[in-house]
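**Q** here are the coordinates; sequence isn't available:
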């Protein structure tokens, strides 16, 4: 055997190994700078060299190192964590601390007193807080709307209660403690449905498991609470109801009362929910004049939006980054979120102006993207979500100035 050839072969292999290893190390250790310009004549490029930015981490200078404290109730805490991760990953916000609250009023109070910077809150709660404490909340601002949540009203067929405006006298209704918004709203809800105080017996439970168990054991005839849809606990309640007698009551009341009710409660909307999105064991379902099938799943229900709300102690740059993230990337965000947290269509909501104002940074972005304008021209509707509607942009895009 020719040992010289073997030794030579081994040496060649080692040479190739070290050459390749060196190339890989160089590729992995390149220090690459992102330059926010492309023209060699750019003033930004001159500034980049003049201030010796080539020796610095460009992005490090761009991060906003303000620590954001983001609060939510226990039911929205998972949503809070998901949004926090997305905001940190996709904006220049550097750090977010997520805080869970057992009491919604304390959540609003801490936001009002600048103990936290952001919160997931409904306008229903803002309205209750304002009425209870008679406080001017002019240091709180809306950044954007988020997902929808729903008022769930459940009963059993044997009680023969099929309309929410025809609940018998002294019916027992179960609700949750103050970590669920319905706790603060139940009196107004019943009053606006024309029930007198004392007509209905309200029983309060500490958590959803207790509420569901009391309902299963017939200690109460109706349960009312606010939650996401779809959700696992509702599905479990229905799945383990072997008598198949649990029903969801639709929001169906006479037209005059409905008009008055929605006018009094502008933070609520009458919505349509597809019952195919909850557990398959619910359908088909027939009671009174209602008949719900897989092919007829549309269900009338009251919904309300959750909002991302801030105070005046957070930097405009952070608000600007967060507003742009939601306004320009809602489809991408929804692909990253679970179905129950899907963000509703982004845009200014006129009906919240009586409760809170939008943050100035958000209003600026709305204007830049054509959601609001000072130009009185119906053609502005074609620029919504695209660009600011001005007479010049209308002309540049071939629209008449009318």
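**A** Alright, I've got the coordinates. Everything numeric in this text was worked out from a predicted model, so none of it was measured. Numbering: from 1, shown residues only.
**Q** quick one, strands of the stretch 151-300 of the chain?
**A** Along the stretch 151-300 of the chain, counting by DSSP state E, counting those that start in this stretch, strands occupy 172-176, 201-205, 222-227, 246-248, 269-274, 285-287, 290-292, 298-311.
**Q** using JSON lines, please lay out those together with mean pLDDT and mean neighbour count.
**A** Quick note: C-beta positions are derived from backbone N, CA and C, even for glycine. Below are these laid out as JSON lines (pLDDT from 0 to 100; neighbours: other C-beta atoms under 10 Å):
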{"stretch": "strand 172-176", "mean pLDDT": "97", "mean neighbour count": "20"}
{"stretch": "strand 201-205", "mean pLDDT": "97", "mean neighbour count": "15"}
{"stretch": "strand 222-227", "mean pLDDT": "97", "mean neighbour count": "22"}
{"stretch": "strand 246-248", "mean pLDDT": "98", "mean neighbour count": "21"}
{"stretch": "strand 269-274", "mean pLDDT": "96", "mean neighbour count": "14"}
{"stretch": "strand 285-287", "mean pLDDT": "95", "mean neighbour count": "16"}
{"stretch": "strand 290-292", "mean pLDDT": "96", "mean neighbour count": "16"}
{"stretch": "strand 298-311", "mean pLDDT": "96", "mean neighbour count": "21"}
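**Q** would you turn those strands into a markdown table with distance to residue 70?
**A** Putting the strands of the stretch 151-300 of the chain into a markdown table (distance: least, C-beta to C-beta, whole Å) gives the following:
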| stretch | distance to residue 70 |
| --- | --- |
| strand 172-176 | 23 |
| strand 201-205 | 28 |
| strand 222-227 | 21 |
| strand 246-248 | 32 |
| strand 269-274 | 26 |
| strand 285-287 | 39 |
| strand 290-292 | 38 |
| strand 298-311 | 9 |
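**Q** tell me which of these lies nearest to residue 126.
**A** strand 298-311 (7.6 Å; C-beta to C-beta).
**Q** closest to residue 107 out of the strands of the stretch 151-300 of the chain?
**A** Of the strands of the stretch 151-300 of the chain, nearest to residue 107 by C-beta to C-beta is strand 298-311, at 10.0 Å.
**Q** and the angle from the closest one to strand 222-227?
**A** Following axes from the mean of the first three to the mean of the last three C-alpha atoms, to 10 degrees, one obtains 50 degrees for the angle between strand 298-311 and strand 222-227.
**Q** direction included, what does strand 298-311 pair against?
**A** strand 118-122 (antiparallel), strand 140-156 (antiparallel), strand 269-274 (antiparallel) (DSSP bridges).
**Q** winner for burial among those strands?
**A** strand 118-122 (a mean of 25; mean count of other C-beta atoms under 10 Å).
**Q** how far off centre is that strand?
**A** Relative to the mean C-alpha coordinate of its chain, strand 118-122 is positioned 9 Å out (C-alpha atoms, centre = their mean, to the nearest Å).
**Q** what's that strand in contact with?
**A** For strand 118-122, the external contacting residues (C-beta atoms under 8 Å, 6 or more residues apart in numbering) are 68-73, 76, 79-80, 83, 96, 104, 107-108, 110-111, 143, 146, 149, 181, 267, 304-310, 314.
**Q** that one: what's the following helix or strand?
**A** Downstream of strand 118-122, the first helix or strand assigned by DSSP states H and E is helix 123-133.
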